[in-house]
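In: Could you look at this predicted model? Sequence included:
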Amino acid sequence: MPSSDIPNLLNTYVDYTSFFFPSYPEYPSIFTHVKMRVLVQSTRFFIFNTINTLLKSHLDDLKAMGDQFVSGYATLASGEKDPRNLTVAFAIALVILTEFDISKHVEDYFDITFCYFPITFRPPPNDPYGISADDLESSLLPCLSATPAFGHLGVPLFLEKLTTGSPVTKRDTLRAMSLCLPAYGSSVAREFGPKIWSALKLEIFQPVDAATEKAALDTLQAFVCVLQSSPMVADEGQPDSMDDFVRTVCGDCLDAIGEPEKPQAKAGMKILCSFISIAHMLFQYFSHHVLQLTDTRVENLSSYAIAQAAEKLVTIFHDPMEDLLTPSKDAVLGLLTVGLKAPSARVPSLHGLAALIHIPSAVTKDELGYIVLEVSEFVGKEPDEAEDSTSDVLSLLSSIAILALQHLATQVLPPLFLALPDCAPPRDARSQRSAYWRALSALSQLCTHPELFKTFVIQLMTKLDLLCSPLLGASADPPSTDTLDVKVLVSQSRYWHSM
């Protein structure tokens, strides 16, 4: 039969099935008489669309055919390469994988889906069909994760791609694993656990780039979620229900943190941070073990990773979880305030403190005063001295002003007012003028509360009065105007007007 006649024949076939329920022997004729490898792309595309139409209109009838249809389609779709056809083929495969019993044909469907992973198609310039690699990937990935039966075959392939692939292939593989591991289930994850952890640890502890590291962290988090969904605890004496292999992963990370002079310490902290929000017991494990290391290792760890961990610790909380933070609050608060001393850790420490004070009843007024005392030393600093953390400092203090106004009024504002001049500085005193402007800028952001604004206006008007009348404030016995330097008067007058 000429290939040009096949579309007409199939059109007639579909029309026929629209009026009559199929007699099952007719359907296999597609698989018996149609030889896909000898047909042109347009004819193959029509056949895929015909099968797709039959699935939509006669799904129950096709399911009743059982293995006859399942095996027939696997043979029909094998070897397809054209991206236009693959988009339809993947859609058909997804329906079969989710609606049909493929237990006798797992390897067949593994072959006609996983053989395309990862997608390497790159559309030619000015492609009129508009099919991209992302389109194919978004159609293929649901097939890879459609059934747990693919687990024992899929995970080894993923690990192979992760070990030998390029950075792009690794990221594609990691994204696929994040999607597939929950579908494959905890038994598969536990069976391949050591190999999965070994591959992911390599990508996190020795990352090739930041994007791959982030993808590996996401995959590890998905992996731990799967294990923790049905934890296996061999020692019944454990105080929590953490899965044994998850405990092994956490132990490896703690060992890395225990050697802060090595670069793996920061990676270990990142991993533990990614676990905090998975389950309560992982948070408790983190707060108990990690915070014990901070007293002696913050400086060696350059503070950044530890401070970032503490920031993550407090930013995940909401009211129902408040009681979990209480046992570790003092350690977290101490950690964050110590982190302020290290320039690299200052910003995450400020963010952590900002999150901490917004947890209801987590911080007392006395502790707020302590925070203000520690943070206030960075107000009005030179930008290079404060490591560009000025906006974060002022934002934190403004938030504290809403909760405990008196701490700003007594600890922060007086030094800023004293920093303003009583007399105009020399015109060439640029550093002094910059310091004055920084003080005024800080005051303008901190004194938004009515009570603080009232104090700000009184103090500012007092300073302006002194600047406007420099002779009255210079001494008890001011000199006569004949002895005054006219240039000084002009300079002070200009300075007052600029204020």
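Out: Alright, I've got the coordinates. Here the structure is a predicted model, which is why all the values come from computation and not from measurement.
In: Got phi/psi on Leu162?
Out: Torsion angles at Leu162 (phi, psi; degrees, to the nearest 10) stand at phi -70, psi -30.
In: dump the residue contacts of it.
Out: Lys170, Thr173, Leu174, Met177, Ala199, Glu203 (CB atoms under 8 Å, 6 or more residues apart in numbering). The way it works is simple: take the backbone N, C-alpha and C, and place the C-beta from them, glycine included.
In: Return the member of these nearest to Leu144.
Out: Nearest to Leu144 among the contacts of Leu162: Met177, at 9.7 Å, using CB to CB.
In: just checking, the closest one touches Lys161?
Out: No. Between Met177 and Lys161 no contact is recorded; they are 9.5 Å apart, counting by CB atoms under 8 Å.
In: So which of the two has more stuff around it?
Out: Taking neighbours as other CB atoms under 10 Å, Met177 and Lys161 compare with Met177 leading, 29 against 20.
In: okay, the contacts of Leu162 in TSV with secondary structure and pLDDT next?
Out: Shown next, in TSV, are these (DSSP: H, G, I helix; E, B strand; the rest coil; pLDDT from 0 to 100):
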residue	secondary structure	pLDDT
Lys170	helix	95
Thr173	helix	96
Leu174	helix	96
Met177	helix	97
Ala199	helix	96
Glu203	helix	94
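In: Out of the residues you listed, give me the one that has the most neighbours.
Out: Met177 (29 neighbours).
In: Identify, from the contacts of Leu162, the entry nearest to Asp111.
Out: Thr173 (18.3 Å).
In: In contact with that closest one, which residues?
Out: Thr173 neighbours (CB under 8 Å, 6+ apart): Pro118, Phe158, Lys161, Leu162, Gly165.
In: how much space between it and Leu356?
Out: Distance of Thr173 to Leu356, given as CB to CB, to the nearest Å: 38 Å.
In: The contacts of Leu162 into JSON lines, with extra columns for distance to Ala424?
Out: What follows is the contacts of Leu162, written out as JSON lines (distance: CB to CB, whole Å):
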{"residue": "Lys170", "distance to Ala424": "63"}
{"residue": "Thr173", "distance to Ala424": "67"}
{"residue": "Leu174", "distance to Ala424": "62"}
{"residue": "Met177", "distance to Ala424": "67"}
{"residue": "Ala199", "distance to Ala424": "67"}
{"residue": "Glu203", "distance to Ala424": "61"}
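In: now, which of the residues you listed sits nearest Met65?
Out: Met177 (34.0 Å).
In: residues in contact with Ile131?
Out: Contacts of Ile131 by CB under 8 Å, 6+ apart are Pro83, Arg84, Thr87, Phe121, Pro123.
In: if we go to 7 Å?
Out: Shown in contact with Ile131 (CB atoms under 7 Å, 6 or more residues apart in numbering): Pro83, Arg84, Thr87, Pro123.
In: Go through those and name the one nearest Met269.
Out: Pro123 (41.6 Å).
In: And what about that closest one, helix, strand or coil?
Out: coil (DSSP: H, G, I helix; E, B strand; the rest coil).
In: Then Val208?
Out: Applying three-state DSSP: Val208 is coil.
In: Pull the number of nearby residues for the residue lying closest to Phe245 once chain neighbours are set aside.
Out: The spatially closest residue to Phe245, leaving aside those adjacent along the chain, is Gly193, at 4.7 Å (CB to CB, 6 or more residues apart in numbering). For Gly193, the neighbour count with other CB under 10 Å is 20.
In: How many neighbouring residues does Tyr116 have?
Out: Neighbours of Tyr116 (other CB under 10 Å): 21.
In: same thing with Gly66?
Out: For Gly66, using other CB under 10 Å, the count is 13.
In: before we move on, the earlier item: determine which two of the contacts of Ile131 are furthest apart.
Out: Thr87 and Pro123 (12.6 Å).
In: So between those two, which is more surrounded?
Out: The residue with more neighbours, out of Thr87 and Pro123, is Thr87; 18 against 15, by other CB under 10 Å.
In: what helix or strand does that one sit in?
Out: Using DSSP states H and E, the element containing Thr87 is helix 83-99.
In: Show the subsequent helix or strand relative to that helix.
Out: Following helix 83-99 toward the C-terminus (DSSP H and E): helix 106-114.
In: With adjacent residues omitted, what lies nearest to Arg175?
Out: Closest to Arg175 by CB to CB, 6+ apart is Ala215, at 6.2 Å.
In: and that neighbour, how many neighbours?
Out: 24.
In: Now do it against Asp67, distance only.
Out: 38 Å.
In: hey, where'd the helices end up in the stretch 301-450 of the chain?
Out: Listed in chain order, the helices of the stretch 301-450 of the chain (DSSP state H, counting those that start in this stretch) span 304-315, 322-325, 329-339, 343-357, 365-375, 390-403, 405-407, 413-419, 430-446, 450-468.
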